[in-house]
Structure formats: structure tokens, C-alpha cells
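In: Below is the structure, and that's it, no one-letter string:
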């Protein structure tokens with residue numbers, strides 16, 4: 001049973017750590033604006049500087065008052081939907097907190113369950129488990145309170161998701177109308193050989209649409225891509241050599257070895273050698289670009305630019321060719337969002353890769369526990385050596401106390417950290433290997449894979465381990481399995497309460513503090529980063545990796561709904577989690593992190609589906625627990641909630657997803673000038689927002705195919721190092 005004193009000690013420690021970290025952030029934020037507000041402090045980092053915040057210690061909390069339009073204009077739709085996700089469940093669990101107090105009183109005042117009464121009349125349930133469902137006897141009428149409370153809680157959660165999905169559809173329509181990336185172009189995959197060139201492709205679409213303004217077909221440019229990467233590295237190195245030569249007090253020129261093999265060859269002047277290499281690479285780039293234009297090797301993917309959004313929407317929602325699996329259209333994405341290595345993948349290649357990736361993900365999710373369990377078992381070598389066939393472990397450990405300490409202490413922790421660190425990399429690699437051409441789609445696929453892993457290996461495995469493994473000696477029959485399961489699952493709420501407590505009170509404040517970037521940036525700018533390019537790279541805060549962070553956040557939705565009725569003590573910490581998460585993400589997306597790509601909110605339908613899956617699993621778990629505790633009436637009473645959730649899930653997703661994927665015909669006609677144009681709004685204010693991350697005039701009619709020029713072909717044929725005479 002969970003100890004109240006241990007829980008309180010853990011709570012006090014986490015609160016103290018959170019307060020100290022937040023205090024440090026408050027003090028350092030105004031002193032180091034290039035670390036804690038680089039989007040506003042560093043020129044040209046983003047096209048539109050975010051709104052200013054009051055120059056007071058708590059001025060950063062002003063982000064909670066920003067409107068949806070402000071987030072959309074300055075951070076983009078991806079960031080807005082993440083903020084709305086946290087806001088939705090913050091409201092849900094704030095509402096739930098009102099009922100959780102009542103539930104804790106009902107649970108605490110219940111008599112000791114008969115199955116938890118010792119022979120001497122004492123009760124096994126103690127500590128904070130007294131206010132959980134563990135303290136409710138089987139078939140108790142008090143279970144009705146949990147069932148009724150569940151209806152209010154889940155209804156509030158579904159309503160908040162409805163509001164968020166509605167806003168997504170509205171802002172997607174605005175994105176189609178106002179962002180030039182989504183002007184009137186369509187992405188076309190699986191080009192047949194007969195149209196795998198600009199002229200025949202334009203003729204193909206001109207025969208179906210009378211407003212084709214241009215086409216672009218991707219080209220094979222692997223050698224050119226490698227040459228450009230090599231040239232960039234040489235330019236960066238040459239700039240550093242020039243800086244060192246200009247700022248060398250001894251007036252000595254920097255030397256380097258001739259050739260590409262380290263420590264081999266005579267020493268020569270580095271600046272002269274690198275200048276010679278750069279000239280050779282510039283010539284090679286020019287030759288490769290000319291060859292690509294004169295003898296292009298086209299890939300089965302292209303972009304068709306149309307003049308009106310009405311034609312764009314028609315092209316997106318109709319079949320363009322009689323031959324199956326050819327000329328497949330999709331909304332255009334920004335050139336930075338294209339994953340160029342996958343541009344050569346055909347439909348069948350993508351399908352095969354997708355099947356293999358799904359199988360690999362299944363194997364990863366199911367069998368990941370094997371190495372983790374083995375590593376965890378190293379912490380109890382004595383018990384492990386008692387297992388038949390593993391007695392040799394005791395002989396090895398007995399050789400050295402140091403070896404035993406290493407195997408039981410350092411090695412398991414290090415191995416577990418390594419396992420969890422490589423997991424996101426594996427999921428991203430699998431997602432990219434599927435053949436997806438959009439980086440946003442790759443991140444969304446990674447999001448699904450990681451959530452699948454967490455729901456199995458964190459949620460389900462923890463419940464099974466906490467509910468059954470500790471009570472194997474109490475199993476006397478099959479029926480006792482279900483009885484003990486019903487009594488034990490609520491006790492795992494303490495574990496997850498501590499888990500949520502640590503993540504909310506430690507993780508989010510530490511994200512705000514940015515202690516790593518603060519120290520690393522100071523070290524690099526002091527000793528390592530000297531040129532303009534190096535300093536810019538050092539100060540760039542990088543993106544928020546939503547695909548790696550959101551799976552855990554969505555898992556918190558599942559945990560919050562599952563344990564709000566089972567162990568109501570979890571609710572305050574879920575509120576803290578989504579409250580601090582809302583403030584943290586709102587501040588980071590507005591003032592700190594700069595996204596690599598803007599996906600236009602394409603990940604929201606997946607976020608919605610995963611959140612709904614979490615709600616559905618939570619309802620199944622609640623019904624199972626109530627039924628196991630022999631409360632048949634409340635269990636039957638909860639069945640309509642389950643069916644209603646399924647209907648809501650299907651109906652809402654079908655209703656809003658299509659509205660977010662395609663621009664309604666009425667708005668297409670407005671955008672084409674047939675109807676007087678008027679700005680769309682989210683309902684909060686009637687404003688016309690700026691285009692996220694810059695771009696041409698949002699009032700542009702039609703599309704410019706040059707927006708999607710292949711980076712290798714659009715790169716300047718010749719570059720020179722930047723003058724380092726006046727370093728930053």
C-alpha cells in the first residue's frame with residue numbers, strides 16, 4: 001500500500017525544485033534575452049517579431065492572454081493546435097477537480113473492503129489508497145458516484161475536443177486563403193513515364209483545367225546535393241580560418257595538411273588551400289546544375305500551379321487519370337517541408353515500405369520489454385542467479401565487489417537511458433523509410449508510433465506489473481485473479497500520480513529554464529563560435545520537436561481520464577501538468593523556438609484520434625474495473641457512454657477533417673474574385689493575420705510554381721565566404 005509520508009515527501013521535494021527552477025527562469029529571462037526570447041531579440045531570426053511582454057518578473061505570464069489569432073500569426077497553426085490541446089484538457093480537468101474532491105470524501109468514508117480485512121480485523125488499505133477505489137467494497141452502491149461522475153468528466157473532455165477541432169477547421173481555411181504555400185497548387189505523385197517531364201505534364205493538366213500557370217517536375221540531384229553540402233562545409237571552415245588569420249596576435253597564418261586524410265601530407269596555408277577548394281566546388285556546382293538543366297533525370301513527382309483555388313480543390317478531390325495509382329494529387333506543402341530523398345518513391349514502393357514499417361513498429365512495441373526487463377533484472381542479481389540455468393551469474397559476480405556494483409548500479413541505468421534515447425530515432429527512421437514526401441507527415445507518423453509504444457509499454461505494462469506481479473502468491477483460483485485485479489489497479493494510481501507529478505513540476509519548468517542552451521551557448525561564444533555563421537548557429541534555438549514530446553502529453557490524457565475516478569488524488573497533478581504545459585508551450589512557441597517547417601496543422605487529426613483513443617481506453621478500463629468489483633448496475637449504466645464516445649469520435653472526425661482538408665466552394669469563389677473577398681476569423685476577432693514565417697502577399701491570386709523550386713537547382717552556382725573583419 002502507498003505510504004502517505006513517502007508521497008508527501010516526494011510532493012514537497014518536487015514543489016521546491018519547481019519553485020527554484022521557475023525563480024531562476026524569472027531572474028535569467030530578462031538578463032539573457034537572446035537565450036530566453038531569441039525570436040524577439042535576434043534580428044532576422046523570424047519574419048515577424050512576437051508581441052512585447054511587460055518588463056516585470058512575471059511579465060512572461062502574459063502569454064496566457066494571447067488570442068488564437070496571435071498564435072496563428074506569429075507561431076503557425078502547428079503551434080496553435082498544440083497550445084489549444086493543452087488548453088482544452090486544462091479546462092477539462094479543472095472542471096473534473098470539482099468532482100474529485102467529492103469522490104475522495106466518498107472513498108475515504110467507506111468501510112474497509114471485506115477482501116482487504118486481515119484476520120485481526122485491521123484493514124490492508126492504508127495511506128493515500130484510502131481515498132482511492134481500493135477502499136470501496138465489491139458491489140458497493142458507492143460505485144454509482146464514480147459512474148455518474150464519469151459522465152460529466154468525459155462529456156467535458158469531448159466538448160473541449162469538439163471546440164478545438166472546430167477551430168482547426170476554421171484556421172485551415174484561413175491558411176488555404178492567406179498563405180501562398182497553399183495558394184492554388186497541387187502536389188502530384190506517381191507520374192507515368194509519358195508525362196514525367198514539364199511539357200507533357202503541363203499538357204496533361206491543361207487538357208483538364210484551363211487555368212494551369214506552370215508545372216515543376218522534381219529531378220534527380222544526389223551528386224549535386226552532396227557537392228553543395230561539401231561546399232557549405234568548406235565555406236564555414238574558410239570563414240573560421242579567415243577570422244583566425246585576422247585576429248591572430250602573433251600574425252601567424254593558419255596552416256593545414258594538404259589532402260583530405262588527417263595528419264598526412266605537408267602543411268600548407270589553410271586559407272589558400274580552402275579558397276582553391278571552394279573555387280573548384282563552385283565550378284563543379286555550376287557544371288552539375290547546367291547538366292541537370294540540359295539533361296534532366298526526372299522523378300515521378302511534381303507540382304502543378306493553377307490560377308484559382310476552385311481548380312485546386314477540384315484537382316484535389318477528383319481522379320486525374322484512368323490508370324490506377326497514377327497522378328495522385330495532394331495539397332502542396334512548402335519547399336522546406338519536402339523530404340527530397342523520398343521524391344523518387346512510387347506508389348507500390350511506398351505501400352511495401354509502409355507495410356514493413358508497420359510490422360517493424362509492432363515488433364518494436366511488443367518486444368521492446370525484453371531488453372528492458374533483462375536490464376532491470378540486473379539490479380537484483382541474487383534473485384536472477386536463483387533462476388534455473390542462470391546460476392553462473394553468481395559465480396561471475398562473486399569474483400569482484402566492484403563488478404557487482406557496476407552490474408547492479410551503473411550499467412542498468414545507463415542501458416535504460418540508451419534504450420529510451422534511441423527509441424525516438426528508431427521511430428523517426430521508420431517513418432522516413434515509409435516513403436513520405438512531407439517532413440510534417442514523417443513527424444506525424446513518428447507521433448503515432450511513439451504513442452503506440454507508450455500506451456503499451458508504459459500504461460498497460462505498468463498496470464499489469466503493479467496489479468498482478470506483486471500478488472501472485474494470493475491467487476487461489478481464476479475468480480481470485482479478477483477480484484485482485486479490481487482491488488489492485490486503483491493502487492497503481494499512486495505510481496502514475498508520482499509520474500505525472502515529476503513530469504509537471506520538473507520537466508516543464510526545466511524546459512523554460514533552458515539551462516543546457518544557456519551553458520552551451522556561453523561556452524561556445526566564449527571559446528568556439530567566432531564567425532557570423534557559427535554564432536548564428538549557436539544562438540539558433542532550434543524547433544520544438546512536437547513528434548517526440550506530444551506522445552507523452554497525449555498519454556497524460558489517458559492517465560488522467562483513467563485514474564480521475566479510480567484514484568482522484570491524481571486530478572490536481574493532471575491540472576498542474578496541463579496548466580504548466582499550456583504556459584510552457586505558449587511561451588516557447590512565441591518567444592523561443594523556431595520551427596524548421598510549418599506543417600499547417602496536418603498533425604491535428606492524428607492528435608485528435610490518439611486523444612480519443614486514450615479516452616476510449618480509459619472508459620473501457622473504468623467499465624472493466626467497475627464490473628470486476630461486481631457493481632453490475634453502474635457497469636451497465638456506463639455502456640451508453642462508451643457507445644456515445646464511439647459515435648462522437650466517428651461523427652466529429654468525419655465532419656471536420658474534410659472541412660480542414662479542402663476549402664469550401666463558397667470560399668473558393670471568394671478567393672477567385674467571384675464574390676467579394678472577406679477575411680475569415682476564428683470568431684475571436686475580425687482581423688486579417690500576417691502570413692506565418694513570411695512569404696509573398698497573401699492576397700495573391702493563383703500560385704507561383706517558383707515557390708517550390710528544387711533547392712539544389714535553386715542554389716547559387718557560386719558562393720564566397722562572408723567577411724569576418726567585423727565579427728558579431
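Out: Noted; the coordinates are in hand. Just so it is clear, the structure is predicted and the values come from calculations on it, not from any experiment.

In: which is the next helix or strand following the longest helix along the chain?
Out: Ranked by residue count, the top helix of the chain under DSSP state H comes out as helix 143-178. Using DSSP states H and E, the helix or strand that follows helix 143-178 in sequence is strand 185-189.

In: List the buried residues in the one helix or strand residue 14 maps to.
Out: Using DSSP H and E, residue 14 maps to helix 4-31. For helix 4-31, a neighbour-count test (16 or more other CB atoms under 10 Å) marks 7, 10, 14, 18, 21, 22, 25, 26, 28, 29 as buried. The C-beta positions use only the backbone N, C-alpha and C, and glycine is treated the same way.

In: which among those gets closest to residue 264?
Out: Closest approach to residue 264 among these (CB to CB): residue 28, at 46.6 Å.

In: now the closest one, nearest residue through space, not along the chain?
Out: Nearest residue to residue 28 in three dimensions, chain neighbours excluded: residue 36, at 6.5 Å (CB to CB, 6 or more residues apart in numbering).

In: try residue 271
Out: Residue 271 sits nearest to residue 241 (CB to CB, 6+ apart), 5.0 Å away.

In: What confidence value was assigned to residue 133?
Out: pLDDT for residue 133: 82.

In: Quick check, it in contact with residue 628.
Out: No. Between residue 133 and residue 628 there is no contact under CB atoms under 8 Å: 10.6 Å.

In: Compare those two (neighbour count), which wins?
Out: residue 133 (29 against 18; other CB atoms under 10 Å).

In: List the contacts of the more buried one.
Out: 107, 146, 490, 565, 566, 567, 625, 629 (CB atoms under 8 Å, 6 or more residues apart in numbering).

In: What of residue 612?
Out: Here residue 612 is in contact with 161, 645, 649, 653 (CB under 8 Å, 6+ apart).

In: Narrow these to those in helices?
Out: 161, 645, 649, 653.

In: Of all pairs in these, which one is the farthest apart?
Out: 645 and 653 (12.2 Å).

In: Averaged pLDDT, stretch 581-594. What do you get?
Out: 96.

In: Residues contacting that stretch, please?
Out: Outside stretch 581-594, the residues that touch it by CB under 8 Å, 6+ apart are 36-40, 45-46, 50-51, 53, 60-61, 63-64, 66, 70-71, 74-75, 79, 82-83, 86-87, 90, 504, 508-509, 511-512, 514, 540-544, 553.

In: So which of the residues you listed are in helices?
Out: 36, 38-40, 70-71, 74-75, 79, 82-83, 86-87, 90, 508-509, 511-512, 553.

In: now residue 330, what's its secondary structure?
Out: strand (DSSP: H, G, I helix; E, B strand; the rest coil).

In: Tell me how many other residues crowd the nearest residue to it once chain neighbours are set aside.
Out: Residue nearest to residue 330 in three dimensions, not counting chain neighbours: residue 187, with 4.7 Å by CB to CB, 6+ apart. Using other CB under 10 Å, residue 187 has 19 other residues around it.

In: my guess is residue 187 contacts residue 335, does it?
Out: No. Using CB under 8 Å as the test, residue 187 is too far from residue 335 to be in contact (11.2 Å).

In: How about the contacts made by the residue nearest to residue 271?
Out: Going by CB under 8 Å, 6+ apart, the list of residues near residue 241 reads 254, 256, 270, 271, 274.

In: same thing but at 10 Å, please
Out: 253-256, 269-275, 531, 721, 724 (CB atoms under 10 Å, 6 or more residues apart in numbering).
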